[in-house]
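Engineer: any chance you can model this:
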Amino acid sequence: MNTTSLKDQLLIAMPSLSSGFFSHSAIYLCEHDEHGAMGITLNKPMEFELEHVLSQLDIPCSTRVGRLPVLSGGPVQSEHGFILHSLERGTFDSTLIVTDQVGLTTSIDVMHAIGEERGPEHFVLALGYAGWGPGQLEQELLENSWLTAPATPTLIFSTPSADLVRSAAGQLGFDMNLMPSGAGHA
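Structural biologist: Residues are numbered from 1 along each chain as shown. Next up, the predicted model:
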């Protein structure tokens, strides 16, 4: 299979994905190859903050860091933490380098660094991830379930969850509110 990688792209759910977890989702793709794809949903905040997760791990944290939202990253391994972060302060024990600016870490050392405010300057904590088997995402793209958009550090780390879909689609010149439920591109 000759797959064009969508790694470091945002997937924006088309209006046809009107129910279920992926409805109105914006997902940052961390991996995409012949074995499948995985990404972190960036616009589904949970009902608790980082302080709650860090306290469960007995990691002290500052008030500033503790008030950050925790995201529902996807339906796969939803009990595991995935930290999507900038790389200006290097990598951690278990960091997947996505680009020269973005990494994905699952090890506890990044949580200690974040709690002590010596971690990455920009980060999001998500519980779970979104995953696709070989060819599954490609099929969904053919079915116009997703719009793809270039990811930027600003979209990933600084755009409020409620504005992410609109902002990402807007950089392509699309207004998602005007999209019919059957339109899209791959």
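Engineer: what's opposite the residue most central in space within the chain in the beta bridge?
Structural biologist: Among the residues of the chain, Ile40 comes closest to the average C-alpha position under C-alpha atoms, centre = their mean, at 2.8 Å. Bridge pairing for Ile40 (DSSP bridges) gives the partners Tyr28.
Engineer: pull the contacting residues for it.
Structural biologist: When contacts are counted by C-beta atoms under 8 Å, 6 or more residues apart in numbering, Ile40 is found next to 27-28, 30, 71, 73-74, 82, 84, 104, 124, 126, 129-130. To be clear about C-beta, it is placed using only N, CA and C from the backbone, and glycine gets the same treatment.
Engineer: identify the residues contacting the helix or strand hosting Arg64?
Structural biologist: Arg64 is part of helix 63-66 when elements are defined by DSSP states H and E. For helix 63-66, contacts defined as C-beta under 8 Å, 6+ apart pick out 49-51, 54, 114-115, 117.
Engineer: run through the strands of this structure in chain order.
Structural biologist: Under the criterion DSSP state E, strands of the chain are mapped to 9-13, 26-33, 36-41, 45-49, 69-72, 76-86, 95-97, 102-105, 123-132, 146-150.
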